[in-house]
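[1] curious how this folds, go ahead:
(2 chains)
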Protein chains: 2
Amino acid sequence: MNNAPLPTWNDGAAKSAIVDFVTRVTNESGPDFVPVPERIATFDNDGTLWCEQPMQVQVFFAQDRLKALAVQDPNMAERQPFKAFLEHDLKAIHDLGRQAVFEFAFATHAGVTEEAFDKIARVWLASAMHPRFGRLFKRCTYQPQLELLDYLGQHGFKTFIVSGGGIDFIRAFAFEAYGIPREQVIGSSVKTRPEERDGRMTLMRLAELNSFDDREVKVQNVSLHIGRRPILAFGNSDGDLAMLRYTLSGPGARLALLIHHDDADREVAYDREFRLSPLVEALDKADEYGITLVSMKQDWNRVFAAGDIIDTPKP
Amino acid sequence: MNNAPLPTWNDGAAKSAIVDFVTRVTNESGPDFVPVPERIATFDNDGTLWCEQPMQVQVFFAQDRLKALAVQDPNMAERQPFKAFLEHDLKAIHDLGRQAVFEFAFATHAGVTEEAFDKIARVWLASAMHPRFGRLFKRCTYQPQLELLDYLGQHGFKTFIVSGGGIDFIRAFAFEAYGIPREQVIGSSVKTRPEERDGRMTLMRLAELNSFDDREVKVQNVSLHIGRRPILAFGNSDGDLAMLRYTLSGPGARLALLIHHDDADREVAYDREFRLSPLVEALDKADEYGITLVSMKQDWNRVFAAGDIIDTPKP
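    From the prediction side, this is the model:
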């Protein structure tokens, strides 16, 4: 096998499935050839392209926002769910469940314009550190996935992020972190309200959810934003299962991948019990549905991207 | 002036505004330079890129669908609004108003999968003729706009359609007609429901509106789908005014254009009275808002695109 592409992917079934798939769909004289405009690949973000433990990065972002807001409203610290976030009570946060936590996180940035939000997110991301890995959150991206995105791009794929996280939060770093432009990011969104300020038209973010981009909604949003069924999809949780199955349900060559976080030494080992992003059904039925399992421990010889290690990783 | 670009645009204020704008934003050493990823241009479709008279093409499409459905339900012909469409009663159709007509049109294709809809639309577009212009609907595109899309593409712009028409209907012909890929089409959409058929996951179109992409909603959808404020926008009705103003409200060089259908000889002259796409406020306030008016009669030396003239135009 040619080891030149995907150097941080170990030889094995997962890497072979990827290289074989890309080779087949780009072989013009082969039966599985796919024209360039149809080479659409979709990636979940949290837990698939970057770390989502001990909670999703956007929840850390919301927590810091809440701390700032609590300065103006000291009573906040006594009320739930504010108390749980202000005290970084992980058990209480996890117990709230996935959608409630995300909705709460999005709501902490209501009442700012889209441009102001983008700036707030960039400023935060420029210095916010992961509490354990000794690196900026925006460098908690996975090196093997950066290589995969690059490899796909070199082979005529257009790659999209399809995330339960906030679409605007991801847009604030996706190009820098992954080379993915803003218009190729799909995610959860809040409703917005057009407002006129000094004769200029601007969009104000509201606290109300527009779309929680999870499970079947990922399929609906892929259809809405892209208008094509992807030929490759990559996820890590039950929230991605519908997108993986939708991808596999099209005609011709298809590839769906699921990363299993089984690497307690280099990252975190988790699946069924992680309430903010459970992996149960997708793991149990991967074989039945033809989803390729990727073991972080076995398939990746490196986890995090290079650069910007600021502190020593903590155990 | 260099007449090489935009040959079917007559020399004049509109053409100068376009060429001057593109020259400035692409001049790396100038004060108005815009990096390639930020060169986003948005175009309305009906009446801006192709003909919308005597009613929008998608309404003709819905009318033909209705005729097929009426064969199975003869009583339909006696009930409104079916009667108006089945009898092609333009006055009654126009009186229904813009959103009602579009919603009705979208609903005629409920209950089919997204793939089936795409096929139905392609089959219809392959042979459906405009009743007056002696050409296929899909060739009722405007030659000067095809040249403009091409000119912008050559200068690093990414062009999007932002239409009140159905997103999936436009996707069925946008690449062939305009060179615009499916993922760069934004439009009105219906809700969808994921369904499993023979173990395959598919999306069923419902009769319920998800988003009517008109007026302020165009701004919200541009933000949702693209995540960037366009630097150039082109429309032809009050339904586009918010998008034009949103475009002009950003920092740096901006250009907003409004086509005025004032050419009864070559196309149709209409503005205030056309209830399916009225042009009132945008026309009255174009000057105040800094919107460049384009006169079809004065600024275009040709209207329709070349090719596929099948019949003699009717008066």
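[2] and the residue nearest the centre of chain A?
    For chain A, the residue sitting closest to the mean C-alpha position, by C-alpha atoms, centre = their mean, is A:Asn45 at 1.0 Å.
[3] so what's that residue up against?
    Taking C-beta atoms under 8 Å, 6 or more residues apart in numbering or on different chains, we find A:Asn45 in contact with A:Ile161, A:Val162, A:Ser163, A:Gly165, A:Ile170, A:Gly187. For every residue, glycine as well, the C-beta is placed using N, CA and C.
[4] for chain A, what lies in contact range of chain B?
    Chain A comes close to chain B at residues A:37, A:40, A:114, A:158, A:167-168, A:171, A:175, A:181-183, A:185, A:189, A:192, A:194, A:199-203, A:210, A:216, A:219-220, A:223-228, A:242, A:245-246, A:249, as judged by C-beta under 8 Å from any C-beta of the partner chain.
[5] selecting buried members of those residues in ChimeraX, what would you type?
    To isolate the buried members of the residues of chain A next to chain B in ChimeraX, using 16 or more other C-beta atoms under 10 Å in any protein chain shown:
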select /A:40,114,158,167,168,171,181,182,183,185,189,192,194,201,202,203,210,216,219,220,223,224,225,226,227,228,242,245,246,249
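[6] strands - which of the residues of chain A next to chain B land there?
    Secondary structure from DSSP state E places A:Ile40, A:Lys158, A:Val185, A:Ser189, A:Thr192, A:Pro194, A:Arg200, A:Met201, A:Thr202, A:Leu203, A:Asn210 of the residues of chain A next to chain B in strands.
[7] now the phi/psi pair for A:Arg132, please.
    Main-chain dihedrals, A:Arg132, degrees, to the nearest 10: phi -120, psi -40.
[8] quick one: it from chain B, how far?
    31 Å (C-beta to the nearest C-beta, to the nearest Å).
[9] not counting sequence-adjacent ones, nearest residue to the residue nearest to the centre of chain A?
    Closest residue to A:Asn45 apart from its sequence neighbours, by C-beta to C-beta, 6 or more residues apart in numbering or on different chains: A:Ser163 at 3.8 Å.
[10] that neighbour and A:Ser189 touch, don't they?
    No: in this structure A:Ser163 lies outside contact range of A:Ser189 using C-beta atoms under 8 Å: 10.8 Å.
[11] pull up the overlap in contacts between those two.
    Shared contacts of A:Ser163 and A:Ser189, counting by C-beta under 8 Å, 6+ apart, come down to A:Asp213.
[12] tell me the phi and psi of the closest residue in space to A:Ala41 that isn't next to it in sequence?
    Leaving aside its chain neighbours, A:Ala41 sits nearest to A:Leu232 (4.1 Å; criterion: C-beta to C-beta, 6+ apart). Backbone torsions of A:Leu232, given as degrees, to the nearest 10, read phi -140, psi 140.
[13] which residues sit in contact with A:Leu232?
    If you count contacts by C-beta under 8 Å, 6+ apart, A:Leu232 has them with A:Phe21, A:Ile40, A:Ala41, A:Thr42, A:Leu152, A:Phe157, A:Thr247, A:Arg254, A:Leu255, A:Ala256, A:Leu257.
[14] next one: A:Val162
    Under the criterion of C-beta under 8 Å, 6+ apart, the neighbours of A:Val162 are A:Thr42, A:Phe43, A:Asp44, A:Asn45, A:Ile186, A:Gly187, A:Asp213, A:Lys218, A:Asn221, A:Val222, A:Ala233, A:Met243.
[15] now A:Phe102
    A:Phe102 neighbours (C-beta under 8 Å, 6+ apart): A:Gln56, A:Gln58, A:Val59, A:Gly164, A:Gly165, A:Gly166, A:Ser188, A:Phe212.
[16] did I read that right, the second one in a strand?
    Which is A:Gln58. No: applying DSSP: H, G, I helix; E, B strand; the rest coil, one finds A:Gln58 to be helix, outside a strand.
[17] sorry, back to before: the strand or helix carrying the residue nearest to A:Asn45 pairs with which strands?
    Element membership for A:Ser163, per DSSP states H and E: strand A:158-166. If you go by DSSP bridges, strand A:158-166 pairs up with strand A:40-43 (parallel), strand A:185-197 (parallel).
[18] mean confidence for the shortest one?
    Along strand A:40-43, the predicted confidence averages to a pLDDT of 98.
[19] ok, stretch A:184-196 next?
    When pLDDT is averaged along stretch A:184-196, the result is 97.
[20] cool, and stretch A:238-256?
    Across stretch A:238-256, pLDDT averages out at 98.
[21] pull up the gap between the closest residue to A:Ser189 other than its chain neighbours and A:Asp46, please.
    Excluding the flanking residues, the one nearest A:Ser189 by C-beta to C-beta, 6+ apart is A:Asn210, at 4.4 Å. Applying C-beta to C-beta, to the nearest Å, the value for A:Asn210 to A:Asp46 is 19 Å.
[22] quick revisit: the residue nearest to A:Ala41 and A:Phe43, how far apart?
    9 Å.
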